[in-house]
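>>> fold the following, please.
(one chain, ligands or ions: 1)
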Amino acid sequence: MSKPKIIIAGGGLAGSLMAVYMAKRGCEVHVYERRPDMRREDISAGKSINLALSTRGIRALERAGLKDAVLANAIPMKGRMMHDEQGNLSYQPYGKEGQHINSVSRGGLNQHLLELADENPDVHLYFNQKCLDVDLDKGEATFEDESGAENTVSADWIIGGDGAFSAVRIRMMKTGRFDYSQDYLDHGYKELTITPTADGEFALDPNCLHIWPRGEYMLIALPNPDKTFTCTLFFPFEGENSFDTLTEAEDVIKFFNTHFADAVPLMPTLVEDFFENPTGSLVTVRCYPWVRGKAALIGDACHAVVPFYGQGMNCAFEDCVVLDECLDEFLPDWDKAMDEYQKRRKTNADAIADLALQNFIEMRDLVGDADFLKQKEVEHELCERYPQLFKSQYEMTTFTNMPYREALEHGAENTRLVKKIIENGWDSRMEDEEFMTNILKNE
Ligand SMILES: Cc1cc2nc3c(=O)[nH]c(=O)nc-3n(C[C@H](O)[C@H](O)[C@H](O)COP(=O)(O)OP(=O)(O)OC[C@H]3O[C@@H](n4cnc5c(N)ncnc54)[C@H](O)[C@@H]3O)c2cc1C
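Next up is the predicted model:
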């Protein structure tokens, strides 16, 4: 019997992981990536220099045999470090002792995945190949190379891992009864750099994700192995303080000195970075179905989310795991496996999109708010003292593989419970095990 032939459009994070899984199960895999081969050419890693990898993503990498290699180069971030306007710091652990998220290099991770895919003789990688269109019923895809030459190839299945502006999805959108929505935030983002100290050390605690919450805007920083931090400024496109109005070097310096004064001395390339680095936009994409004819979507192609929960890639990797599990369960019935995959994932992708939007508000407005900090403190105590009875929404989303939909729903219930505990002054009885157990069990 000939091997099932799979075309994957997009050799990004999800596309290259899916190639590894498909080849492992004996398929012949052809990956077409629009950009040059990042293992050989020095190109921008894409949307962000680094990103936060957590439990769901780690499980997906483990399935590919790549967990240890990736974590060896990751920097653990154990909590959020908030910087207020006066430069005062406050710290909130993300979870219990031993729980942390991981700062990883996007380019490094993508290269690892491409390398692993390439090791399998059944994987064929093609670069500088842009997917122009697909024929969903015939299972054909047309790619254009650098010279403008077009090439149409066919397969048993086409997987669209070609990101938020997916060409595969655009073809699906032109078919009947295809739901689609795209919502941009009024905010964009810009990457900036905190350099190492004069003696070559990290300028801030490297085991935290640093946040400068300022209401309408926010700066965050994640550590890199070269002792720099990549900062991301989330900032309105328009309005009084916005990308539109900060047009001169003096404006940028004045603005940063007013709002992020403690970060300015650590950012000697602030002005160059601000004017030279691109401004990215932030979009939520929802669509359904994810499978049409002989094509299926994975990752941002079917559910781009805003980056405030640090879950977009983790969710994209989880898509690959669930699709692989469905293939395990239902092959040789590919249609059934693909249909089951989209049904299992859609509600969870919608849930993480909602959670990510909620976290935008939480990060920019609330992390500096006294009531919110109290809530987090009580939540943390409950997680530590009563781990069998209580998990916070953040813990369920980030440190478990529980479906995102359940994390959203149970998390909301638990947040209501924490508020009730505080309102009734019960947090003073946190050590009264019988009392707290009754409350947690009866809620
Ligand atoms: C600022 C920012 C910070 C983020 N931080 C985090 C984080 O901390 N943690 C987290 O989990 N997620 C994070 N994310 C989300 C994460 O980046 C995405 O969810 C993830 O990259 C999705 O992977 P993907 O493979 O589906 O898409 P992509 O990574 O976008 O890959 C798509 C690939 O397809 C290629 N391609 C595009 N069009 C075509 C075409 N027509 N033909 C052929 N190839 C094509 C692209 O070149 C690319 O290689 C962040 C996103 C942003 C914007």
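
>>> now do stretch 405-416, average pLDDT.
Stretch 405-416 shows a mean pLDDT of 93.

>>> flag every residue of the stretch 51-200 of the chain that's near the ligand.
51-52, 130-131, 161-163, 167, 189 (CB under 6 Å from any ligand atom). No exception for glycine: its C-beta is placed from N, CA and C like everyone else's.

>>> pLDDT, distance to Ile8 and neighbour count added to those, as CSV?
Output for these, formatted as CSV (pLDDT from 0 to 100; distance: CB to CB, whole Å; neighbours: other CB atoms under 10 Å):
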residue, pLDDT, distance to Ile8, neighbour count
Leu51, 96, 21, 24
Ala52, 98, 25, 24
Lys130, 98, 14, 17
Cys131, 98, 10, 24
Gly161, 98, 6, 30
Asp162, 98, 9, 28
Gly163, 98, 12, 23
Ala167, 98, 13, 21
Tyr189, 97, 28, 22
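
>>> what is the nearest of those residues to Phe360?
Checking those against Phe360 by CB to CB gives Tyr189 as the nearest, at 11.4 Å.

>>> quick check: the closest one is in a strand.
Yes - assignment of Tyr189 by DSSP: H, G, I helix; E, B strand; the rest coil places it within a strand.

>>> ok, it touching Cys231?
No - counting by CB atoms under 8 Å, Tyr189 stays clear of Cys231, with 10.1 Å between them.

>>> report the buried residues of stretch 42-53.
45-53 (16 or more other CB atoms under 10 Å).

>>> so how many other residues sit close to Met267?
Number of residues near Met267 (other CB atoms under 10 Å) recorded here: 21.

>>> circling back to that earlier point, can you tell me which of the buried residues of stretch 42-53 are in strands?
Residues of the buried residues of stretch 42-53 located in strands (DSSP state E): 50-53.

>>> save the residues you listed as CSV, and put in distance to Asp156 too.
Below are those laid out as CSV (distance: CB to CB, whole Å):
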residue, distance to Asp156
Asn50, 36
Leu51, 32
Ala52, 35
Leu53, 32
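
>>> circling back: mind putting the buried residues of stretch 42-53 into JSON lines with distance to Phe274?
Shown next, in JSON lines, are the buried residues of stretch 42-53 (distance: CB to CB, whole Å):
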{"residue": "Ala45", "distance to Phe274": "19"}
{"residue": "Gly46", "distance to Phe274": "20"}
{"residue": "Lys47", "distance to Phe274": "18"}
{"residue": "Ser48", "distance to Phe274": "16"}
{"residue": "Ile49", "distance to Phe274": "15"}
{"residue": "Asn50", "distance to Phe274": "19"}
{"residue": "Leu51", "distance to Phe274": "21"}
{"residue": "Ala52", "distance to Phe274": "23"}
{"residue": "Leu53", "distance to Phe274": "28"}
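
>>> over to Met82. Which of the three states is it?
Met82 is classified as strand under three-state DSSP.

>>> so it bridges to which residues?
Ser90, Ile211 (DSSP bridges).

>>> got the buried residues for stretch 387-402?
For stretch 387-402, a neighbour-count test (16+ other CB under 10 Å) marks 390-399, 402 as buried.

>>> and for it, what are the contacting residues?
Residues external to stretch 387-402 that are found in contact with it (CB atoms under 8 Å, 6 or more residues apart in numbering): 54-56, 59, 94-96, 99, 101, 309-311, 318, 352, 355, 379-380, 382-383, 404, 406-408, 410-412, 414-415, 417, 437, 440-441.

>>> swap in stretch 110-129?
Stretch 110-129 is contacted from outside by 3, 11-13, 16-17, 19-20, 23-24, 26-39, 45-46, 64-66, 69-70, 143-146, 151, using CB under 8 Å, 6+ apart.

>>> quick one on the thing from earlier: out of the buried residues of stretch 387-402, which is nearest to the ligand?
Checking the buried residues of stretch 387-402 against the ligand by CB to the nearest ligand atom gives Thr398 as the nearest, at 9.9 Å.

>>> can you pull the phi/psi pair for that closest one?
With angles defined as degrees, to the nearest 10, Thr398 sits at phi -100, psi -40.

>>> quick one, helices of the protein?
For the chain, the helices defined by DSSP state H occupy 13-24, 55-64, 67-72, 106-119, 167-173, 249-259, 270-276, 300-303, 312-330, 334-361, 370-385, 393-399, 404-423, 433-442.

>>> can you pull the pLDDT of Lys441?
Predicted confidence (pLDDT) for Lys441: 87.

>>> who's in contact with it?
Leu389.

>>> same check, this time on Leu66
Contact partners of Leu66, counting by CB under 8 Å, 6+ apart, are 20, 112-113, 116.

>>> quick one, domains of this protein?
5-48+106-182+283-359, 369-442 (automatic domain parsing).

>>> is stretch 332-348 up against the ligand anywhere?
No - applying CB under 6 Å from any ligand atom, one finds stretch 332-348 separated from the ligand by no less than 12.7 Å.

>>> and that stretch, how far out from the chain's middle?
Relative to its chain's centre, stretch 332-348 lies at 22 Å (CA atoms, centre = their mean, to the nearest Å).

>>> what of stretch 6-19?
17 Å.

>>> that one: end-to-end distance?
Using CA to CA, to the nearest Å, the end-to-end distance of stretch 6-19 comes to 9 Å.

>>> how about that stretch, does it get close to the ligand?
Yes - Stretch 6-19 is in contact with the ligand by CB under 6 Å from any ligand atom, via 9-15.

>>> cool, stretch 209-217 as well?
No - Stretch 209-217 stays clear of the ligand (CB under 6 Å from any ligand atom), getting no nearer than 9.0 Å.

>>> what residues are up against the residue nearest to the spatial centre of the chain?
Centroid-nearest residue in the chain, with CA atoms, centre = their mean: Gly312, separated by 2.7 Å. Neighbouring residues of Gly312 by CB under 8 Å, 6+ apart: 300, 304-305, 356.
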